[in-house]
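> sequence? don't have it. structure:
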């Protein structure tokens, strides 16, 4: 019986294989155009000096050296890292708090959930414009603007990201909180645990998987941020270092790479591509760390 | 007074939380309200009286909306049209092609399938900046720079997540159903379209929502791939308003922003359940 089933399954597979051009063809072709080829070419070009792809000349690791020597790139790295960590902490604390309150069975939970999630659907460029109008409306009372001070730009972007991301993280936390076994909460209550004890000793350990996912998500979101950064401040204000390089005070990594590609100089294209590879290694590293961590947890459970 | 006395501490606590959240909710929608208010305000007052209602001399009526239609030397209606075309075509193409490929990968599971699947998962952690330059050049050379061909680029760059989600779901479908169909004389094509596809519906909705939200709001990819002078999507149009005039007419910009977020909010309110479910599914897996 088992053997018959096996051969049947095999013949099904064989029949399906004949149709592979139809099932796989479109995706494989598009995937090569949209990902595989640009990715490989990107790695190759990071080792070249080029203005257009056809005049690429192999120069080894020179571009990487230039990328690390670039003060604006180093500034963008630290600025991005600081932004990612600060936004991670604020977004997750607030999102968890909101999700916790919304799972207590209070009136109007559904309406609140709807409202909090709503900003998530508005695109980054549009968000940037909305908030730059609001911040400038507030700051104009002190006759300044969000473009004048990098502190305004930093906290402005944090507020914007909170507005956009809290609802998103809240959804994941709500799903996690609903999975906390009711008997455990009940047992804690009977044993006379206070509300805070229950929260820290029962609820939080049970939603650890959600917390991990949200932390990684907000960290990678912070590192990859582009649209909001471009639309809100586009890197302003600028300072010019003694050696002539311009450092854009609120420019994050993705925007820095974009701007380097658009700099009209003989070597900037190669440097930009090298920066892009460094950026890729950084972001992919975070992604793989997340994967490894979730795997480890799953095994433990 | 009497009411307060009979209220248990637990109920009072919940009532207070409700009030606190209601206040936060109002604060949460204020930015959108600010857009509404300012889209009816004369440009000169947007910066100075951002939070005042557009009364008296500030009132611009629908002038901002009329001006916005041709604002930035580009008709707004065209950018709406192109945004819709690109979003609909890309989402349809991604759903059809990746679900077929995912079924094939999960069922045939040959060496090639494993490699392809690995590459798809890998592509999910690659940021767009990595392929930004080379992808735009490749797309340009292959003449994929129109709203009708850019869906191929979206299919290529967005295949990873969609395939990942579909493969996960197909693996949970029992093979017996497809075997029964095969015994009844269905070829692979018919098995896929009349047996597998209907079962994929919940995942289709989740993936579809994620792709719609991504493509509709995407700025960088279309701005690099499309021929900007001819084709602008809504995000591109709004971003280019800044550069096109010396001083930006903020009133008209807000009118356009309002017009561009109304469909998003309507879409959200009508498919809220699916959207929240889809986003949660994408986040947990991605």
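Yep, that arrived. Bear in mind the structure is a predicted one, so any value in this text is a computation, not a measurement. Residues are numbered from 1 along each chain as shown, chains lettered A, B, ... in the order given.

> what about the strands in chain A?
Along chain A, counting by DSSP state E, strands occupy A:48-49, A:57-58, A:238-240, A:246-248.

> What sits closest to whichever residue of the stretch 151-286 of chain B sits closest to chain A if chain neighbours are left out?
Distances between the stretch 151-286 of chain B and chain A by Cβ to the nearest Cβ are smallest at residue B:156, namely 1.8 Å. For glycine as for every other residue, the C-beta is placed from the backbone atoms N, C-alpha and C. Leaving aside its sequence neighbours, residue B:156 sits nearest to residue A:34 (Cβ to Cβ, 6 or more residues apart in numbering or on different chains; 1.8 Å).

> What degree of burial does the residue of the stretch 151-300 of chain A found nearest chain B show, as a neighbour count?
Going by Cβ to the nearest Cβ, chain B is nearest to residue A:287 of the stretch 151-300 of chain A, at 3.5 Å. By the measure other Cβ atoms under 10 Å in any protein chain shown, the count of residues near residue A:287 is 20.

> isn't it right up against residue B:121?
No. Counting by Cβ atoms under 8 Å, residue A:287 stays clear of residue B:121, with 9.8 Å between them.

> hang on, the earlier thing: the residue of the stretch 151-286 of chain B closest to chain A reaches residue A:35, doesn't it?
Yes. With contact defined as Cβ under 8 Å, residue B:156 counts as touching residue A:35 (5.4 Å).

> Which of the two has more residues huddled nearby?
Neighbours were counted for residue B:156 and for residue A:35 using other Cβ under 10 Å; residue B:156 has more, 29 against 24.

> residue contacts, that one?
Taking Cβ atoms under 8 Å, 6 or more residues apart in numbering or on different chains, we find residue B:156 in contact with A:30, A:31, A:32, A:33, A:34, A:35.

> Spell out which helix or strand contains it, please.
helix B:150-171 (DSSP states H and E).

> For residue A:79, grab the count of nearby residues.
By other Cβ under 10 Å, the residues close to residue A:79 number 23.

> before we move on, what about residue B:114?
11.

> Read off the pLDDT value for it.
Looking at residue B:114, its pLDDT is 91.

> what's in contact with the helix or strand harbouring it?
Assigned by DSSP H and E, residue B:114 belongs to helix B:111-123. By Cβ under 8 Å, 6+ apart, the surrounding residues in contact with helix B:111-123 are A:24, A:28, A:31, A:35-36, A:39, B:101, B:104-105, B:157, B:159-160, B:163-164, B:167.

> Check which element follows it along the chain.
Next along from helix B:111-123, by DSSP H and E: helix B:128-141.

> anything in that next one near chain A?
Yes. Shown here: helix B:128-141 in contact with chain A (Cβ under 8 Å from any Cβ of the partner chain) through B:128, B:129, B:130, B:131, B:132, B:133, B:134, B:135, B:137, B:138, B:139.

> Just the buried subset of those, please.
Among the residues of helix B:128-141 next to chain A, the ones that count as buried by 16 or more other Cβ atoms under 10 Å in any protein chain shown are B:128, B:129, B:130, B:131, B:132, B:133, B:134, B:135, B:137, B:138, B:139.

> check contacts around the residue nearest the centre of chain A.
Residue closest to the mean C-alpha point of chain A, counted by Cα atoms, centre = their mean, is residue A:221 at 1.5 Å. For residue A:221, the contacting residues are A:87, A:161, A:165, by Cβ under 8 Å, 6+ apart.

> Tell me how far the closest residue to the last one other than its chain neighbours lies from residue A:55.
Once its chain neighbours are removed from consideration, residue A:165 has its nearest residue in residue A:91; the separation is 5.0 Å (Cβ to Cβ, 6+ apart). For residue A:91, the distance to residue A:55 (Cβ to Cβ, to the nearest Å) stands at 45 Å.

> shaky segments in the stretch 151-286 of chain B?
B:243-247, B:282-286 (pLDDT under 70).

> residue contacts, residue B:132?
A:257, A:258, A:261, A:276, B:220, B:224.

> so what's the fourth one up against?
Read it as residue A:276. Going by Cβ under 8 Å, 6+ apart, residue A:276 touches A:42, A:46, A:257, B:129, B:130, B:132, B:133.

> Follow the chain on from the helix or strand harbouring residue B:14 and name the next helix or strand.
Residue B:14 is located in helix B:9-39, with elements delineated by DSSP H and E. Using DSSP H and E, the helix or strand that directly follows helix B:9-39 along the chain is helix B:43-48.

> Can you pull the domain assignment for the chain?
I'll assume chain A. Domain assignment of chain A by automatic domain parsing yields the ranges A:2-45, A:65-300.

> that's the wrong chain, I wanted chain B
Taking automatic domain parsing as the criterion, chain B consists of the domains B:2-69, B:72-248.

> nearest to residue B:254, of the ones you listed?
Closest approach to residue B:254 among the domains of chain B (Cβ to Cβ): domain B:2-69, 4.2 Å.

> which residues in the stretch 101-250 of chain A form helices?
A:109-117, A:124-139, A:150-178, A:182-190, A:195-198, A:204-206, A:208-224, A:227-232 (DSSP state H, counting those that start in this stretch).

> residues contacting the closest residue to chain A within the stretch 1-150 of chain B?
Using Cβ to the nearest Cβ, the single residue of the stretch 1-150 of chain B nearest to chain A is residue B:50, 2.5 Å away. By Cβ under 8 Å, 6+ apart, residue B:50 lies in contact with A:133, A:134, A:136, A:137, A:138, A:140, B:34, B:38.

> Confidence-wise, which of those comes last?
residue A:140 (80).

> on that earlier part again, export the strands of chain A as CSV, with columns for distance to residue B:195 and mean pLDDT.
Converted to CSV, the strands of chain A look like this (distance: least, Cβ to Cβ, whole Å; pLDDT from 0 to 100):
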stretch, distance to residue B:195, mean pLDDT
strand A:48-49, 50, 84
strand A:57-58, 53, 81
strand A:238-240, 61, 78
strand A:246-248, 56, 80
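
> so which strand or helix has the residue nearest to the spatial centre of chain B?
For chain B, residue B:213 is the residue whose C-alpha lies nearest the centre (Cα atoms, centre = their mean; 1.0 Å). Using DSSP H and E, residue B:213 falls within helix B:201-217.

> same thing with residue B:221?
For residue B:221, the host element (DSSP H and E) is helix B:220-225.

> distance between the helix or strand just after that helix and the chain's centre?
On the C-terminal side of helix B:220-225, the nearest following helix or strand under DSSP H and E is helix B:234-244. Between the centre of helix B:234-244 and the centre of its chain there are 18 Å (Cα atoms, centre = their mean, to the nearest Å).

> By proximity to chain B, which residue of the stretch 1-150 of chain A wins?
Nearest residue of the stretch 1-150 of chain A to chain B (Cβ to the nearest Cβ) works out as residue A:34 at 1.8 Å.

> what's that residue in contact with, if anything?
Contacts of residue A:34 by Cβ under 8 Å, 6+ apart are B:135, B:152, B:153, B:154, B:155, B:156, B:157, B:158, B:159.
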